[in-house]
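Novice: Based on what follows, work out the 3D shape:
(one chain, ligands or ions: 1)
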Amino acid sequence: MKADRIHNFNAGPAALPLPVLEEIQESFLNFAGSGMSVTEISHRSKWFDDVINDAVARTKRILKLDDRFHVLFLQGGASLQFCMAPMNLLGADDSADYVNTGTWSTKAIKEAEIQGKSINVVASSEDRNFSYIPRSIAFNAEAVYAHITSNNTIKGTQWAQFPETGGVPIVSDMSSDIFSRQLDVEKFGMIYAGAQKNMGPAGVCLVIIRDDLLARTPGEIPSMLRYTTYAEKNSMYNTPPCFAIYTVQLVLKWLEETIGGLGKMAALNHKKAGLIYDIIDQSGFYRGTAEKESRSLMNVTFRLPNTDLEKTFVAEATENGMGGLKGHRSVGGCRASIYNPTPLAAVAALVDFMKAFERKNG
Ligand SMILES: *Cc1c(COP(=O)(O)O)cnc(C)c1O
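Specialist: Numbering: from 1, shown residues only. Next up, the predicted model:
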């Protein structure tokens, strides 16, 4: 029942817009007059063609991508991209720069190194437990790409501005902040994002790749690991994750038609995060874990005075209809993930709860 739904602050898979879930429910037994569920139709049908083409068109429109960019849907999550990006983009004599800002960047670096690729970790925030985004980084002019993680889901940091790389294309893992703000796409050669944080269910990964990087894909790697395979077949070389792509399409439609586009979405995201950070900044009780200039608008990470209080906080929040507030097991504390679909009302409820909890326990 709709009335039984909680305020969902899960980090991923995460909340989806209620109107999207309702549209899926409504169309589930008979999709677009087909007499079949979207999970039963052929991916070679006109019905699914319309779904994937609309998802691609909306992605291009929302992010203002020009014709140099290809929009692909892959499986294997963002984690497969840690491996595929260096595999496709770096030849024997090439190198790439990586910035290490946390758990996911560390994994991306590891997957490039496993393959024996030449990479340079040009900056890292590991010295202060990944609590900040490094500044004034010296990128290598000859690097094929510069890899960053735009939002660090676990550590609660985010690049507020993208770095100056001297023209080297940025390859960004945007799993947890894709479609959350406007982008200067000129800086990017490739963007990838697992859907399950900001735009859909688990099971599909969006890859946006520019012509010149796509052209680097070597012929001698397996078809399923080659970007050109997906680019040449509109992501339908083999059976794509149809249901996940359909959900992404509906989320993008919601973003454009209900929210009103990326400008409006970004303003709303600022407002939501601001409400929680204001409490943290005003209180001696809650303590943010990320440095102020680096903190994330998507994942608000914070501690309470001790771990017992943190446990009580999460337990009482659950009793009050708020879920997913426990911090990642590698950092502890609390985390409120407030991606695009999280409504302002959910954040307002959390803020009220935080104030009441502090009054009682502070
Ligand atoms: C969740 C996450 C990943 C891992 O995504 P999978 O789809 O599970 O592989 C990678 N990068 C970031 C930034 C994430 O938040």
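
Novice: And the residue of the stretch 151-300 of the chain that's closest to the ligand?
Specialist: As assessed by Cβ to the nearest ligand atom, the ligand sits closest to G194 within the stretch 151-300 of the chain, at 2.9 Å. (Glycine included, C-beta is placed from N, CA and C.)

Novice: Now do the phi/psi pair for that residue.
Specialist: With angles defined as degrees, to the nearest 10, G194 sits at phi -60, psi 140.

Novice: just F188 next, same as before
Specialist: With angles defined as degrees, to the nearest 10, F188 sits at phi -110, psi 140.

Novice: Read off the pLDDT value for it.
Specialist: With respect to pLDDT, F188 has a value of 98.

Novice: Could you pull up the contacting residues of T239?
Specialist: The neighbours of T239, taking Cβ atoms under 8 Å, 6 or more residues apart in numbering as the test, are H43.

Novice: pull the CA atoms of the helix ranked longest in the chain into PDB?
Specialist: Among all segments of the chain classified by DSSP state H, the helix with the greatest residue count is helix 262-282. Below are the C-alpha coordinates for helix 262-282, written out as PDB (Å, rounded to 0.1, in the frame of the first residue of the first chain):
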ATOM      1  CA  LEU A 262      18.300  19.700 -14.800                       C
ATOM      2  CA  GLY A 263      18.300  23.300 -13.600                       C
ATOM      3  CA  LYS A 264      15.200  22.800 -11.400                       C
ATOM      4  CA  MET A 265      16.600  19.400 -10.200                       C
ATOM      5  CA  ALA A 266      19.900  21.000  -9.200                       C
ATOM      6  CA  ALA A 267      18.100  23.700  -7.300                       C
ATOM      7  CA  LEU A 268      16.000  21.200  -5.400                       C
ATOM      8  CA  ASN A 269      19.000  19.100  -4.600                       C
ATOM      9  CA  HIS A 270      20.800  22.100  -3.200                       C
ATOM     10  CA  LYS A 271      17.800  22.900  -1.100                       C
ATOM     11  CA  LYS A 272      17.400  19.300   0.300                       C
ATOM     12  CA  ALA A 273      21.100  19.000   1.200                       C
ATOM     13  CA  GLY A 274      21.200  22.500   2.700                       C
ATOM     14  CA  LEU A 275      18.400  21.600   5.100                       C
ATOM     15  CA  ILE A 276      20.400  18.700   6.600                       C
ATOM     16  CA  TYR A 277      23.800  20.500   6.500                       C
ATOM     17  CA  ASP A 278      22.200  23.500   8.300                       C
ATOM     18  CA  ILE A 279      21.300  21.200  11.200                       C
ATOM     19  CA  ILE A 280      24.800  19.700  11.300                       C
ATOM     20  CA  ASP A 281      26.500  23.100  11.100                       C
ATOM     21  CA  GLN A 282      24.400  24.600  13.900                       C
END
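
Novice: hang on, isn't N269 packed against M298?
Specialist: Yes: N269 sits in contact with M298 when judged by Cβ atoms under 8 Å, with a separation of 7.4 Å.

Novice: Which one's more surrounded, the two?
Specialist: Under the neighbour definition other Cβ atoms under 10 Å, N269 and M298 were set side by side, and M298 has more, 28 against 19.

Novice: pretty sure that one is touching Q158, no?
Specialist: Yes: under the contact definition of Cβ under 8 Å, M298 touches Q158, with a separation of 6.7 Å.

Novice: Quick check: neighbours shared by those two?
Specialist: Between them, M298 and Q158 share the neighbouring residues N151, D177, with contact defined by Cβ under 8 Å, 6+ apart.
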